[in-house]
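# Here's my sequence, what's the structure:
(2 chains)
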2 protein chains.
Amino acid sequence: MLYVVGIGSGNERHFTKEAEEILNKVDLIVCYKNYKKFVERLNKPIYTTGMTREIDRVDYALKEAKDKDVALVSSGDATIYGLASLAYEINAVKGYNVDIKVVPGITACSLASAILGSPLNHDFVVISFSDLLTPLETILKRFRCALEGDFVICIYNPLSKRRKEPFLKAMEILAEFAKDKDYIIGIVKNAGRNKEEVVITNFKDLYKNLEKYLEFIDMNTILIIGNSSTKIINGKMITPRGYLDKYKI
Amino acid sequence: MLYVVGIGSGNERHFTKEAEEILNKVDLIVCYKNYKKFVERLNKPIYTTGMTREIDRVDYALKEAKDKDVALVSSGDATIYGLASLAYEINAVKGYNVDIKVVPGITACSLASAILGSPLNHDFVVISFSDLLTPLETILKRFRCALEGDFVICIYNPLSKRRKEPFLKAMEILAEFAKDKDYIIGIVKNAGRNKEEVVITNFKDLYKNLEKYLEFIDMNTILIIGNSSTKIINGKMITPRGYLDKYKI
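Purely as a prediction, here's the structure:
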């Protein structure tokens, strides 16, 4: 049996009871090498591979899961940019016939939202800026559609040292939309982990100080761009649900 | 101190360790009356109000939180259609000056995704079809933008006995987009709760049997509409991340 388990930030307090129980009962944990530190406390055999070795990792987990209980661990939620789909796909393509169960976890945008205040409190989009597996045009088209819909936008994998183009092009699109208004932007780096850092700013500042932000933002950073109603209340980033427009208090 | 706590589906296995610890230490729990059953096991005083009494509930929680530790409980995640923003807003408007901390939870779309397979495994939109606080035109415009961006679309509060119009109008929009392709649709009712029900179908079937689905779908139902890559693998709804388009296995 293969469990694809989301462990949230990796911080023990963000594990669900279900994730904890399953990791305590499996025979083997398989994960990305940098996440080993999050599951060592469970005292289980751990198999790791590095970045871009996702296929090997999933294939190994499935083969082992033929006669063992195996947990394939994703950070955040296992189906949100995690390895759940790949597990189902490889299982079918290779005919392994392994039973798969997905165990949901706290995805990074939920956690970033809680840290920033409550920016996700209305309709939102989750989009990854990694163009490793998605064409850049698709990413930019989606980003534009999200802005046209006045969605709150949550960006995963915003940029890395070697991959700045999607971010820079998206900021050019945002600049068009920001001509006659501004956008509040929340940035959370290392959410729930060591060296967590939080910035709440607006697009004008980000665009003016792009070099500084390009240094600061990395793959462990979540960016949340507010919608037209998002505001700052007592230093927190808040997207109202709309109660106070409709009801008097 | 006010904690705004997401408890996921309400099922004990979806509580995070953090939510559990906080609910165990507070002096009072405040929640929607139908969620009382999810927190009774914690043996705390519980204050509840009914549907549409959100402002009273939050106001009461804030007032009590001036000299007590209070948990305002949301199902799912506290910032995703939960009461976190309203707490920050009322706290500021009424000058209560209460410290607020948000505790993230498993939002319904993560859980529905895990149950269906892995449909959220690429860029997606979360949108509520409730027009109680959001104009119908805004909902429909966002829905159209989401389809134009080929996002996976996750719909909260799809319809109720008295509120069918947003759903019906959205299905008319989807029918336009479905002229030359079909959309896989996953439906999860009562995710993680008693009487959980799961349907995986496609738009053509849903549209043809609309009356049947209007009976089935309710406010405790999550609908996930796939993107152009979403497929069914061994009875599960899967949106590939793209690994197998790029790499050979």
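# rest of the way, CA atoms for contacts and neighbours
Noted.
# gap between residue A:215 and chain B?
25 Å (Cα to the nearest Cα, to the nearest Å).
# and that residue, that one's in a strand?
No. Read with DSSP: H, G, I helix; E, B strand; the rest coil, residue A:215 is helix and lies in no strand.
# what's the spacing between it and residue B:192?
Here residue A:215 is placed at a distance of 42 Å from residue B:192 (Cα to Cα, to the nearest Å).
# For these two, indicate the residue with more neighbours.
residue B:192 (20 against 11; other Cα atoms under 10 Å in any protein chain shown).
# residue contacts, that one?
B:9, B:10, B:11, B:111 (Cα atoms under 8 Å, 6 or more residues apart in numbering or on different chains).
# Check whether stretch A:91-101 comes near chain B.
Yes. Residues of stretch A:91-101 are located near chain B by Cα under 8 Å from any Cα of the partner chain, namely A:92, A:101.
# Just the buried residues of that stretch, please?
Residues A:91, A:97, A:98, A:100, A:101 are the ones in stretch A:91-101 that count as buried (16 or more other Cα atoms under 10 Å in any protein chain shown).
# Check whether the last one sits in a helix, strand or coil.
When you say that, I think you mean residue A:101. If you use three-state DSSP, then residue A:101 falls in the strand class.
# Spit out the contact partners of residue A:83.
By Cα under 8 Å, 6+ apart, the residues touching residue A:83 are A:4, A:54, A:58, A:74.
# The helix or strand where the first one lies - contacts with which helices or strands?
Per DSSP states H and E: residue A:4 is located in strand A:2-6. With contacts defined as 3 or more Cα pairs under 8 Å, 6 or more residues apart in numbering or on different chains; DSSP states H and E, strand A:2-6 has these neighbours: helix A:17-25, strand A:70-74, strand A:100-103.
# residue boundaries of the helices in chain A?
A:17-25, A:36-39, A:54-64, A:84-93, A:108-116, A:136-148, A:165-177, A:203-208, A:210-216, A:243-246 (DSSP state H).
# ok, residue A:121 - contacts?
Residue A:121 touches A:238, A:239, A:240, A:241, B:79, B:80, B:81, B:82, B:84, B:85, counting by Cα under 8 Å, 6+ apart.
# number of nearby residues for the fourth one?
Each residue near residue A:241 was counted by other Cα under 10 Å, and the total is 25.
# In TSV, list the contacts of residue B:192 along with distance to residue A:121 and neighbour count.
Listed next are the contacts of residue B:192 as TSV, based on distance: Cα to Cα, whole Å; neighbours: other Cα atoms under 10 Å in any protein chain shown:
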residue	distance to residue A:121	neighbour count
B:9	18	24
B:10	19	22
B:11	23	17
B:111	18	26
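# out of the residues you listed, who's near chain A?
Restricting the contacts of residue B:192 to those near chain A by Cα under 8 Å from any Cα leaves residue B:111.
# Of the contacts of residue B:192, which is the nearest to residue A:123?
Residue A:123 lies nearest to residue B:111 out of the contacts of residue B:192, by Cα to Cα, at 17.8 Å.
# The helix or strand of chain A with the lowest mean pLDDT near chain B anywhere?
Here the helix or strand of chain A ranked lowest by mean pLDDT, DSSP states H and E is helix A:243-246, holding a mean of 92. Yes. Using Cα under 8 Å from any Cα, helix A:243-246 reaches chain B at A:243, A:246.
# mind giving me the domain split of chain A?
A:2-106, A:109-238 (automatic domain parsing).
# Same list (the ones you listed) but as TSV, adding mean pLDDT and distance to residue B:24.
Converted to TSV, those look like this (pLDDT from 0 to 100; distance: least, Cα to Cα, whole Å):
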stretch	mean pLDDT	distance to residue B:24
domain A:2-106	97	14
domain A:109-238	97	20
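# out of the ones you listed, nearest to residue B:174?
domain A:109-238 (16.0 Å).
# quick one on the thing from earlier: ranking the helices and strands packed on strand A:2-6 by burial, who's on top?
strand A:70-74 (a mean of 29; mean count of other Cα atoms under 10 Å in any protein chain shown).
# State the phi and psi torsions of residue A:157.
phi 50, psi 50 (degrees, to the nearest 10).
# Any figure for the gap between the residue nearest the centre of chain A and chain B?
Using Cα atoms, centre = their mean, the residue of chain A that lies closest to the mean C-alpha position is residue A:108, 4.3 Å off. Between residue A:108 and chain B the computed distance is 10 Å (Cα to the nearest Cα).
# excluding its backbone neighbours, what's nearest that residue?
Of all residues not flanking residue A:108 in the chain, residue A:76 sits nearest, at 5.5 Å (Cα to Cα, 6 or more residues apart in numbering or on different chains).
# And for residue A:213?
residue A:206 (6.7 Å).
# Check residue A:100 too.
Spatially, and ignoring its direct neighbours in sequence, residue A:100 is nearest to residue A:2 (4.8 Å; Cα to Cα, 6+ apart).
# That neighbour: neighbouring residues, count only.
So residue A:2, with other Cα under 10 Å, has 25 neighbours.
# Please list all residues in contact with it.
A:61, A:62, A:65, A:69, A:70, A:71, A:72, A:98, A:99, A:100, A:101.
# OK, contacts around residue A:236?
Counted by Cα under 8 Å, 6+ apart, residue A:236 has contacts A:116, A:117, A:118, A:200.
# Go through those residues and say which is closest to residue A:150.
residue A:118 (16.6 Å).
# My guess is that closest one contacts residue A:238. True?
Yes. If you go by Cα atoms under 8 Å, residue A:118 and residue A:238 touch, sitting 4.8 Å apart.
# what touches both of the two?
Common neighbours of residue A:118 and residue A:238 (Cα under 8 Å, 6+ apart) are residue B:85.
# Show the contacting residues for residue A:140.
A:166, A:169, A:170.
# from these, which would you call buried?
Judged by 16+ other Cα under 10 Å, buried ones among the contacts of residue A:140: A:166, A:170.
# can you put the contacts of residue A:140 in JSON lines and add distance to chain B?
Output for the contacts of residue A:140, formatted as JSON lines (distance: Cα to the nearest Cα, whole Å):
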{"residue": "A:166", "distance to chain B": "15"}
{"residue": "A:169", "distance to chain B": "17"}
{"residue": "A:170", "distance to chain B": "15"}
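# Nearest to residue A:30 among the contacts of residue A:140?
residue A:166 (30.6 Å).
# tell me the contacts of the closest residue to residue A:163 other than its chain neighbours?
Of all residues not flanking residue A:163 in the chain, residue A:130 sits nearest, at 7.8 Å (Cα to Cα, 6+ apart). Going by Cα under 8 Å, 6+ apart, residue A:130 touches A:157, A:158, A:159, A:163, A:166.
# phi, psi of residue A:130?
phi -80, psi 120.
# separation between it and residue B:240?
15 Å.
# coming back round to it: deepest of the helices of chain A, which one?
Mean neighbour count (mean count of other Cα under 10 Å) peaks for helix A:108-116 among these, with a mean of 26.
# hmm, back to that, tell me how far the strand holding residue A:4 is from the chain's mean position?
Remark: strand A:2-6 is offset 17 Å from the chain centroid, using Cα atoms, centre = their mean, to the nearest Å.
# same deal with stretch A:206-221?
17 Å.
# And stretch A:115-132, by the same measure?
Worked out by Cα atoms, centre = their mean, stretch A:115-132 lies 8 Å from the chain centre.
# CA atoms of that stretch as PDB?
Output of stretch A:115-132 as PDB, limited to C-alpha atoms (Å, rounded to 0.1, in the frame of the first residue of the first chain):
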ATOM      1  CA  ILE A 115       0.800  34.200   8.800                       C
ATOM      2  CA  LEU A 116       0.000  37.300   6.700                       C
ATOM      3  CA  GLY A 117      -3.500  37.800   8.300                       C
ATOM      4  CA  SER A 118      -6.200  36.500   6.000                       C
ATOM      5  CA  PRO A 119      -5.500  37.400   2.300                       C
ATOM      6  CA  LEU A 120      -7.100  34.200   0.900                       C
ATOM      7  CA  ASN A 121     -10.500  35.000   2.400                       C
ATOM      8  CA  HIS A 122     -12.100  35.400  -1.000                       C
ATOM      9  CA  ASP A 123     -11.900  33.600  -4.400                       C
ATOM     10  CA  PHE A 124      -8.300  32.900  -5.300                       C
ATOM     11  CA  VAL A 125      -5.900  31.300  -7.800                       C
ATOM     12  CA  VAL A 126      -3.000  29.100  -7.000                       C
ATOM     13  CA  ILE A 127      -0.300  29.200  -9.700                       C
ATOM     14  CA  SER A 128       3.300  27.900  -9.900                       C
ATOM     15  CA  PHE A 129       5.900  30.000 -11.700                       C
ATOM     16  CA  SER A 130       8.100  27.100 -12.400                       C
ATOM     17  CA  ASP A 131       8.500  26.600 -16.200                       C
ATOM     18  CA  LEU A 132      10.300  23.300 -15.800                       C
END
